[in-house]
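In: Coordinates for the following, if possible.
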Amino acid sequence: MSFHYTNSNISVGDIIDICNLEVNEINKKDSLRSFVRPDIANTNDLTFVSSNKYTPSTDAKYIITNKKLSSYMDNKQLILISNNLECDIAKISSFFYRSKTLNEISELSNLDIGTNSSISPNTFIDKGVFIGDNFSIGHFSSIGHSCSIGNNVKIGKNVSISNSIIGDNVTIGDGTKIGQHGFGFAFDKENKPFKIFHIGRVIIQNDVNINSNCTIDRGSFNDTIIGEKTFIDNLVHIAHNVVIGNNCIIAGQCGFAGSANIGNFVQIGGQTGIGGHIRISDYVKVAAKSGVIRDIKKGETVMGYPAININKYLKNYKKIMM
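Out: Purely as a prediction, here's the structure:
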């Protein structure tokens with residue numbers, strides 16, 4: 001079930017016009033089915049390559065990129081050259097996608113909920129939602145259309161869930177917000193911001209525990225994912241496209257910038273900040289109030305800002321303080 005509306009009546013010519021792109025011999029009448037990331041794109045999709053850090057391998061016929069990155073492309077693909085790639089990606093995302101209207105939501109199937117469930121007064125569950133058995137939800141909470149929720153899920157008071165798929169045995173504390181639009185922008189030549197329409201989801205796997213007043217944004221073109229048996233303390237912010245592995249422990253007031261990737265069995269102390277596109281490997285421990293701005297290798301324990309090996313940090317600290 002789609003969480004958004006897709007405009008399926010878009011041609012290559014439309015994209016060229018709205019973005020003022022440089023093109024060679026291209027059939028402007030070719031239809032485009034959707035605008036998605038490279039690894040899931042099919043022949044009739046438009047995709048993008050915005051960094052040489054990620055593989056440009058894709059089945060898409062059309063790719064939008066810039067001149068520098070176009071040299072990495074396959075000769076079989078048709079390249080649309082952008083002079084402001086990030087801004088054009090934002091424009092195209094809003095051209096292809098939008099939120100569903102109330103009328104479109106009203107045409108979805110009715111709520112499908114399992115047995116032995118408890119729904120408190122003053123809650124709202126939209127159409128198209130599927131919920132398993134032994135479900136409970138507190139006062140003034142809401143679940144947006146098309147969400148899927150497994151068995152034995154407990155949702156507290158004043159919780160808002162949208163654009164999400166939630167597994168079994170999940171607990172979500174009071175005041176937590178899940179699945180809202182991520183904080184993704186691009187800037188035009190006049191430095192005016194364009195918001196990127198987020199088509200990703202939040203996926204919360206089995207046996208996850210999320211405490212109170214956390215925020216988890218849905219992904220832009222990828223999903224935001226919380227792995228199995230991970231425990232998240234109060235007041236944690238998880239930005240778009242973040243992936244957190246299995247069996248992680250995250251203490252209160254931590255913040256994860258967009259596209260951070262956290263391995264399995266990672267422990268992160270309170271008030272720690274994780275930079276965007278950072279990779280933290282398995283079994284890493286991060287001390288409280290640290291700032292992680294580089295990749296961390298497997299099994300390392302780090303501390304401080306910028307976060308470095310804890311032994312090195314303490315050695316430097318002793319030199320300064322003594």
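
In: Doesn't residue 319 lie inside a strand?
Out: No. Residue 319 is assigned helix when assessed by DSSP: H, G, I helix; E, B strand; the rest coil, not a strand.

In: And the helices in this structure, which stretches?
Out: Along the chain, counting by DSSP state H, helices occupy 12-19, 67-70, 85-96, 102-106, 310-321.

In: contacts for the second one?
Out: Under the contact criterion CB atoms under 8 Å, 6 or more residues apart in numbering, helix 67-70 has outside partners 49-52, 56, 79, 81. In short, each C-beta sits where N, CA and C put it, glycine included.

In: Only whichever of these are buried, select them in PyMOL.
Out: Remark: buried members of the contacts of helix 67-70, expressed as a PyMOL selection using 16 or more other CB atoms under 10 Å:
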select buried, resi 49+50+56+79+81
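
In: possible to save the helices of the chain as CSV with mean pLDDT and distance to residue 278?
Out: Output for the helices of the chain, formatted as CSV (pLDDT from 0 to 100; distance: least, CB to CB, whole Å):
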stretch, mean pLDDT, distance to residue 278
helix 12-19, 91, 30
helix 67-70, 86, 22
helix 85-96, 94, 20
helix 102-106, 96, 37
helix 310-321, 87, 18
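
In: With respect to residue 261, which of the ones you listed lies nearest?
Out: helix 85-96 (20.5 Å; CB to CB).

In: Please list all residues in contact with residue 134.
Out: Per CB under 8 Å, 6+ apart, neighbours of residue 134: 114-117, 151-153.

In: before we move on, what about residue 178?
Out: Residue 178 neighbours (CB under 8 Å, 6+ apart): 159-162, 164, 172, 202, 204, 210, 214-216.

In: I'd like the distance between it and residue 29.
Out: From residue 178 across to residue 29, the span is 41 Å (CB to CB, to the nearest Å).

In: Ok, residue 154 next?
Out: 53 Å.

In: Could you check which of these two has the larger neighbour count?
Out: Neighbour comparison, residue 154 and residue 29: the larger count goes to residue 154, with 16 against 8 (by other CB atoms under 10 Å).

In: Next up, the contacts around residue 131.
Out: Applying CB under 8 Å, 6+ apart, the residues near residue 131 are 111-114, 117, 125, 143, 149, 153.

In: Identify the bridge partners of it.
Out: Counting by DSSP bridges, residue 131 forms beta bridges with residue 113, residue 149.
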